[in-house]
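okay, sequence plus prediction incoming.
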Amino acid sequence: MPAATSLDVTAIRKDFPILAQQVHGKPLIYLDNAATSQKPKCVIEALTRFFQMDNANIHRGVHQLSERSTQSYEAARGKAQRFLNAAKAREIIFVRGATEGINLVAQTYGRKYVGAGDEIVISAMEHHSNVVPWQMLCEEKGAVLRVIPINERGEVEFDQFEKLLNHRTRLVAVSHVSNALGTINPVREIINIAHGWNVAVLIDGAQAVPHMKVDVRNLDCDFYVFSGHKVFGPTGIGVLYGKEQRLEDMPPWQGGGDMIRSVTFEKTTYNDLPYKFEAGTPDIAGVIGLGAAIDYLDQIGMDAVVAHEHDLLEYGTRALENISGLRLIGTAREKAGVLSFVIDGVHPHDAGTILDREGVAVRTGHHCAQPVMDRFGVSGTTRASLAFYNTREDIDRLVAGIQKVKEVFAV
Amino acid sequence: MINDLYQETILDHSKRPRNFQFLEDANRKAEGYNPLCGDKCKVFLKEHEGVIDKITFQGAGCAISTASASLMTEVLKGKTVGEAETLLAKFHDLLTTDQPLPKDLGKLVVFSGVREFPVRVKCATLAWHTLRAALRGAGEVVSTE
């Protein structure tokens, strides 16, 4: 049965040189995209071209290379702006990744507006990166962390969320898509309700941007973060989107070059957005690589990506459900990109090792989401996570690998 | 080869771990933890005049770590503390060097396949790290990291 997709996946796979290799003598099946995605040639070439032709520091030199480098860097900001449909380029802050974006907001917005007895709301399915920065802030300020529970399918309990909000709530921080479960959260509704209480909302979009069109103006979120490396760009670069007024109201974070307008030992005045939050020489190559990744996604078209991955997820869900002794963890009605599961009588690490020997790369363990594992009463899961370059054949190889796991363990 | 790792004895001990219980009259115990995978292991010892009279364990982990703990309790029962320390060193060599297999390892030789799977070495050594902490009386939770 042909996949219902307009993607030419055979052609697309040729854009990803890393996929055409064997591991342990078997063709590589890469299903660890939620950990990090692979990079298309155009991204690799953009990095090479930058270092071979344009490398210079930005916003400083008057020379030709610096001008080119600055132009490419700021052009990538424009691409990120359009990628998220932000109103202005100055609302795009380059950071190291989603983690740094969340920490930035916690330590600037959070420190300014959260006080003793105030409350921050997160969900029970957050990655540690959207838990720990808020715990640190709460500890510092004497504030309280409130957690929206999730149901058996791995969906937030919306009515419980509404009950958690009160006049002490200062911020809501939830993931758009869960890395461990694949749940797509109803973030539009969450933001709407939170705004009714005049509460700012941060959305962790690390697992959303590779799988769906994100429109921060339509969502009306106050902050949105994502990591470049999960969306086919380089590691070490990511984006914090913030509404202009929010960012203006926030104190700067790190001090240093580029974030200042003038410095004397008596008084320093800070630079405008977005530079106020970009102290020091940034990861210029990373930004340019991320810009190339966004161009690549634009060219493929997010609608086609969504359709293809929807087909893969349905196909994979059906295939895994048919395996006896296998339990899917995370069965939300709205899901993207993730098939997380446990096999009776087999620890996830043993499954992961055997799958690896079959050429199938998956993640095993708690996925930096230990509270989610506790919620489902498991120590960890095996997680296959998808990208648009995956195929139904990849799922078939995963299924064959799971059969091998069951054979070795005689379960 | 995957079957070199998951040998019959390992699968057997992982499914039916021996000496898998709390030890009421333990006079030495320790708790081990592998933060990378969440595996936990508690080792209980009844030591009398330098001899391990009884040894048990509890915990949750993968097949390799469970089987390693189970086999460890089997081979160490009745051994002196000195013998246990020697076996620990040999077991470590078995997993981490490419030297010929150490002698006198007895049943523990089934773990020789772990050499080919470097990321799994810590699974096999967790129980032994915990044992060492118990013997040396460190008392707190030991970590593989």
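Alright, I've got the coordinates.

what is the neighbour count of residue 43?
If you meant another chain, say so; for now it's chain A. Other residues near residue A:43 come to 25 when the count uses other C-beta atoms under 10 Å in any protein chain shown. Glycine gets a C-beta too; all of them are placed from N, C-alpha and C.

switch to chain B, please.
Counted by other C-beta under 10 Å, the residues lying close to residue B:43 total 32.

need the contact partners of the helix or strand harbouring it.
Applying DSSP states H and E as the criterion places residue B:43 in strand B:39-48. For strand B:39-48, the external contacting residues (C-beta atoms under 8 Å, 6 or more residues apart in numbering or on different chains) are A:379, B:22-23, B:25-34, B:52-62, B:65, B:69, B:81, B:123, B:126-127, B:130-131, B:133-135.

confidence score at residue A:236?
With respect to pLDDT, residue A:236 has a value of 97.

for it, what are its contacts?
A:96, A:97, A:228, A:229, A:283, A:286.

next, the second one: phi, psi?
Residue A:97 adopts backbone torsions of phi 170, psi -180, taken as degrees, to the nearest 10.

try the fifth one
Note on residue A:283: backbone dihedrals following degrees, to the nearest 10 are phi -80, psi 80.

pretty sure it contacts residue A:237?
Yes: with contact defined as C-beta atoms under 8 Å, residue A:283 counts as touching residue A:237 (5.0 Å).

looking at chain B, which residue is nearest chain A?
residue B:62 (3.8 Å; C-beta to the nearest C-beta).

measure the closest residue to that residue other than its chain neighbours to residue A:384 for me?
Counting by C-beta to C-beta, 6 or more residues apart in numbering or on different chains, residue B:62 lies nearest to residue A:347, which is 3.8 Å off, once chain neighbours are set aside. Using C-beta to C-beta, to the nearest Å, residue A:347 is found at 17 Å from residue A:384.

phi and psi next, for the residue nearest to residue B:62.
phi -70, psi 140.

which residues are in contact with residue 109?
If you meant another chain, say so; for now it's chain A. Per C-beta under 8 Å, 6+ apart, neighbours of residue A:109: A:171, A:200, A:223, A:246, A:249, A:250.

oops, wrong one, chain B.
B:94, B:101.

mind running it again at 10 Å?
B:7, B:9, B:91, B:94, B:101, B:102, B:103 (C-beta atoms under 10 Å, 6 or more residues apart in numbering or on different chains).

what's around residue B:22, how many residues?
11.

nearest residue to it other than its sequence neighbours?
In this structure, residue B:22 finds its nearest non-sequential neighbour in residue B:58, 6.2 Å apart by C-beta to C-beta, 6+ apart.

what about residue A:283 and residue A:237, which has more around it?
residue A:237 (27 against 19).

the more buried one contacts residue A:294, doesn't it?
No: counting by C-beta atoms under 10 Å, residue A:237 stays clear of residue A:294, with 11.5 Å between them.

joint contacts of these two?
A:76, A:80, A:228.

could you check the pLDDT of the last one?
It stands for residue A:228. 98.

near chain A, which residues of chain B show up?
For chain B, the residues in contact with chain A (C-beta under 10 Å from any C-beta of the partner chain) are B:1-3, B:5-6, B:10-11, B:14-15, B:34, B:36-40, B:60-66, B:116-117, B:119-120, B:123.
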